[in-house]
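Student: Model the structure of this input:
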Amino acid sequence: MRSSKSRSRNKNRNNRPSGGNIINRVFDSSGPDGKVRGTPQQIIEKYNQLHRDAFLSGDRVDAENFAQHAEHYTRMLAEAQREVDAKREEQEEQNRQRQAERDRERNERLKVQEAAANDPATMDQPAVDIPEQDSGLVETPEEKPKPQRARKPRPPRKPRPNPDEGDNPGGDSAPEAAE
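Tutor: I've put the predicted structure just below:
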């Protein structure tokens, strides 16, 4: 059976970013003067500063070493920037192609709509009265329109007696509303 420590180590190891965007990634650089930590741009600036300090103090070997470290990170950063620019160009080209395709489809739809609007076969035709011809078919009762029957007008309704007035003019037997 495995211990819990080894399992937790495996979990952390699998979650580390691999490759990806190194422009903003933090690096630990083990240079001649100890560790330098930061993004590639920060590491370049730090090694350039150490190069200047070593050069001014007269230590040409350390100065060259710091310069080479700075150059290494400069190349890494330049390569990453080229990749980012290439991806951006590819995305922009894809966006231009999609936009061109949408424009073509829109133009085709407009042409079809204009053709349909100008087509004499689809235009509204004036109504022409055509006399009915005997088709030889027998009319059935379902086909005949039903004649409208005249209804007798209803007599007006009698007004309802008002409960407040009631049949009793005195209103003694009616319950009074509570206040």
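Student: longest helix anywhere in the protein?
Tutor: helix 60-118 (DSSP state H).
Student: for that helix, packing partners?
Tutor: strand 27-31, helix 40-56 (3 or more CB pairs under 8 Å, 6 or more residues apart in numbering; DSSP states H and E). (C-beta placed from N, C-alpha, C; glycine too.)
Student: repeat that with 7 Å
Tutor: Here helix 60-118 touches helix 40-56, going by 3 or more CB pairs under 7 Å, 6 or more residues apart in numbering; DSSP states H and E.
Student: okay, the angle between the helix it packs on and strand 27-31?
Tutor: For helix 40-56 against strand 27-31, the angle by axes from the mean of the first three to the mean of the last three CA atoms, to 10 degrees is 20 degrees.
Student: Could you list the buried residues of helix 40-56?
Tutor: When burial is assessed from 16 or more other CB atoms under 10 Å, helix 40-56 yields the following buried residues: 40, 43, 44, 46, 47, 48, 50, 51, 54.
Student: How much space separates the nearest residue to the fourth one once chain neighbours are set aside from residue 140?
Tutor: Distances taken as CB to CB, 6 or more residues apart in numbering put residue 36 closest to residue 46, at 5.0 Å, once the chain neighbours are dropped. Using CB to CB, to the nearest Å, we find residue 36 at a distance of 101 Å from residue 140.
Student: So which of the two has more stuff around it?
Tutor: When residue 36 and residue 140 are compared for neighbours, residue 36 comes out ahead with 20 against 7, by other CB atoms under 10 Å.
Student: Just the local confidence number for the more buried one, please.
Tutor: At residue 36, the pLDDT value in this model is 86.
Student: Do I have it right that it meets residue 43?
Tutor: Yes - counting by CB atoms under 7 Å, residue 36 touches residue 43, with 5.4 Å between them.
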